[in-house]
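Student: Sequence isn't available, so here's the structure alone:
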């Protein structure tokens, strides 16, 4: 970047803020994007890239505001309580967005107060082992676990999260007994995996795709219905006879009372971004699979998810009461 | 070698040098302001890097990172308001020095120590990154748990002439550290339904409250004219530390650089621990341990060499394995990936030119902040002459803005204020605040790693004695507890012997 472009882009930014569109068409001023996680995380990164594109389309800046904490609850509560004037939108993460209300009755937001707009990324779960691990397939792992019940350890990122639920589902279907080890983030978990302190890692694909590619980690399975483009050599669970499907999804949502007109403006603009090849290329670089689910379909997707989780919870609560 | 030459070419482009200068200045300001942490600084500049070349974006990130860790030392010394937890240990001796009118000298020493620590760890990053990252991986949950105990024991002993008060402060911190969502069971502990507490008592509001706000209160209390004590005169203080003094501190600086680099390599161990362990080691091996906490130049050198050595250390697992060493480098990984360079071994082969550009930029940023720091230190020190009634409200305003900016959450501001009031009274009653903050950092590290270790072993306590590394760490803990007691007893016995002998002739 030269000095000239630096100055040019700074000027452009200033003008974008100062410019008032001739016609009073929504959006007339910058739109706040609430991200319920810290800056630099995967949701934040996706949100910022998306914000650049949609801002360009709609002629207004979309400004990311990080309202982190409580596993998303603080940001989602802020989104639920934001004025429904079209100038606040937010990111939601499935399944934690739907599952909180099942486990606790004092969650700060009501799902009814937030209207899902569009799902952008669906990041499937993977079960991975270290490169020097003796296990090559799910069957190897299951056989070893059956031989030594309660000996092998599997990491996940928090009780009740998608990783934990996927690991529970897998061990349940495989009929094995392993030790679940809780980690706060994938950095420490992958370090423990590569250092040989745990036997397997349950997490999301985008978190380990690089390590899978460079050979320091080997994925035994991806919990999706089809193989993923980013890791084409990793077989699905279903291919190996374990019917486990799990993923973490990230998309946009708005306060429930937003006018139909503004909702549609945003939805169409979002469609434009998602269909933009450049945007897709940027997310592919980050190993984030784009799986668009628009409008009412996204609402239905989350509701179905919630029902499945509720049934699961009633059958076998994942948290000891 | 060719890659290194390309990297040299990259960094000496006029635009790269400009980015380096901007990054260094921005980092220094970010680091010195309460509430603007290194993590936040790096996160703030990531969107700016989107439009840059990969080389320039890494130069910017690297420069902001290393100079923000250094920047924290300036306000820690002159105002006793550490901008980040990395500089808490610096304030212990830096601030008394500033009160004595030796602020410029202390800033100079901090600058030189930071420079050496930073350069040392960067050299390490170039020379031995792969074996070092294997060393980092050998630390398992159980080792982190013992390391956290070691840090705890060290800090209680370090900061207080009265170990009982230090322990009380640390215990309060450990109690506060139990607040928050328990990730192992997904249940809440002592949050009283306040969602701002679900992730635990946030560290930075506690840090800002206990140090910056309590200091603002102390400055505004009318009896206090300015930071500079009445008998001191900054015009008599030296603008730079003398060569003799630097030579005297060299051993400590080198030792701290090694400790800082080693701890930096461990993902999740933390900059402040490195600073405190180095500070403790410097005091232990000092001929005048009683001077520590009262304005010992070597204490400043130990803390600053260590916390800047952490910067290169944390990048070792980040660049070689893609495992970020701390929150700052986690943001780094995002920045690298956005530019199509996935962290991992390929950074040293396919993208070696870009990687060396980053490493060189760390070098140059270290040199640059040292030049800037040494040239402005003698002027910055005049801040200690500003009347407390002016300085106090200023510090307060920055503290509130910084705290709010962290999470855009008003609860945090109230929390910081509460910590500020508590901190003010702790200070007056000689209860050190540092053990509380460090316990807030180390408590969760100990808890989660201990529980992880127990989950892995199905509650088999023998894991403490399974591996030589763990046993070695346990040995360090025992030594850290026993040695000071033994030394004190020996000193007392010697004193008694002395007294007896002197009284004999009568």
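Tutor: Thanks, I have the structure now. Because the structure is a prediction, the values reported are computed rather than measured. Residues are numbered from 1 along each chain as shown, chains lettered A, B, ... in the order given.

Student: use CA for all of it now, contacts and neighbours both
Tutor: Noted.

Student: Helix or strand next in line after the strand or helix carrying residue B:204, which one?
Tutor: Taking DSSP states H and E as the definition, residue B:204 sits inside helix B:203-207. Note on helix B:203-207: by DSSP H and E, the next helix or strand toward the C-terminus is helix B:214-220.

Student: does the helix or strand following that following helix come close to chain A?
Tutor: Where DSSP H and E defines the elements, the next helix or strand beyond helix B:214-220 is helix B:243-265. No - Helix B:243-265 does not reach chain A (CA under 8 Å from any CA of the partner chain); its nearest approach is 11.7 Å.

Student: packing partners for helix B:243-265?
Tutor: Contact partners of helix B:243-265 among helices and strands, from 3 or more CA pairs under 8 Å, 6 or more residues apart in numbering or on different chains; DSSP states H and E: helix B:103-137, helix B:271-284, helix B:297-321.

Student: Just want the angle from the helix or strand following the last one to helix B:297-321.
Tutor: Next helix or strand after helix B:297-321 toward the C-terminus (DSSP H and E): helix B:327-338. Here helix B:327-338 runs at 30 degrees with respect to helix B:297-321, directions being taken by axes from the mean of the first three to the mean of the last three CA atoms, to 10 degrees.

Student: by contact count, what packs against helix B:327-338?
Tutor: Counting contacts by 3+ CA pairs under 8 Å, 6+ apart, helix B:327-338 is packed against helix A:277-285, helix B:38-49, helix B:54-79, helix B:297-321.

Student: Pick the most deeply packed of these.
Tutor: Mean neighbours per residue, mean count of other CA atoms under 10 Å in any protein chain shown, is largest over the helices and strands packed on helix B:327-338 for helix B:297-321, with a mean of 33.

Student: Distance of residue A:152 relative to residue A:165?
Tutor: 18 Å (CA to CA, to the nearest Å).

Student: For residue A:224, give me its contacts.
Tutor: A:124, A:125, A:236, A:237, A:244, A:245, A:246, A:247 (CA atoms under 8 Å, 6 or more residues apart in numbering or on different chains).

Student: so how many other residues sit close to residue B:485?
Tutor: Using other CA atoms under 10 Å in any protein chain shown, residue B:485 has 12 neighbouring residues.

Student: now swap in the one 10 residues further on and tell me
Tutor: Counted with other CA under 10 Å, the burial measure for residue B:495 works out to 12 neighbours.

Student: Any regions of the stretch 1-150 of chain A where pLDDT drops low?
Tutor: Within the stretch 1-150 of chain A, the stretches with pLDDT under 70 are A:1-24, A:39-40.

Student: What residues of stretch A:185-204 count as buried?
Tutor: With burial defined by 16 or more other CA atoms under 10 Å in any protein chain shown, the residues of stretch A:185-204 counted as buried are A:186-204.

Student: my bad, stretch B:333-341
Tutor: Applying a neighbour-count criterion of 16+ other CA under 10 Å, one finds B:333, B:334, B:335, B:336, B:337, B:338, B:339, B:341 buried in stretch B:333-341.

Student: Quick check: buried residues in stretch A:242-261?
Tutor: By neighbour count on 16+ other CA under 10 Å, the buried set for stretch A:242-261 is A:242-258.

Student: what residues does the stretch 401-506 of chain B put near chain A?
Tutor: Counting by CA under 8 Å from any CA, the stretch 401-506 of chain B sits next to chain A at B:407, B:408, B:409, B:448, B:452, B:455, B:456, B:457, B:458.

Student: want to throw the residues you listed into CSV with secondary structure?
Tutor: Shown next, in CSV, are those (DSSP: H, G, I helix; E, B strand; the rest coil):
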residue, secondary structure
B:407, helix
B:408, coil
B:409, coil
B:448, helix
B:452, helix
B:455, helix
B:456, helix
B:457, helix
B:458, coil
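
Student: For the residues you listed, which entry has the maximal number of neighbours?
Tutor: Using other CA under 10 Å as the neighbour test, those are led by residue B:456, with 27 neighbours.

Student: Out of the buried residues of stretch A:242-261, name the ones that lie in strands.
Tutor: In this view, these that belong to strands under DSSP state E are A:247, A:248, A:249, A:250, A:251, A:252, A:253, A:254, A:255.

Student: Of those residues, just say which sits nearest to residue B:69.
Tutor: Within these, proximity to residue B:69 (CA to CA) peaks at residue A:250, which comes in at 33.4 Å.

Student: Can you tell me the closest non-neighbouring residue to that closest one?
Tutor: In space, and not counting its chain neighbours, residue A:250 is closest to residue A:93: 4.6 Å by CA to CA, 6 or more residues apart in numbering or on different chains.

Student: residues touching residue A:214, list them.
Tutor: B:344, B:345, B:346.

Student: how does it look with 10 Å?
Tutor: Taking CA atoms under 10 Å, 6 or more residues apart in numbering or on different chains, we find residue A:214 in contact with A:131, A:208, B:321, B:342, B:343, B:344, B:345, B:346.

Student: Just the ones in strands from those residues, please.
Tutor: Short answer: the contacts of residue A:214 have none in strands (DSSP E).

Student: quick one: the helix or strand of chain B with the lowest mean pLDDT to helix A:277-285, angle?
Tutor: Within chain B, no helix or strand scores below helix B:327-338, which has a mean of 75 by mean pLDDT, DSSP states H and E. In terms of direction (the same axes, to 10 degrees), helix B:327-338 departs from helix A:277-285 by 130 degrees.
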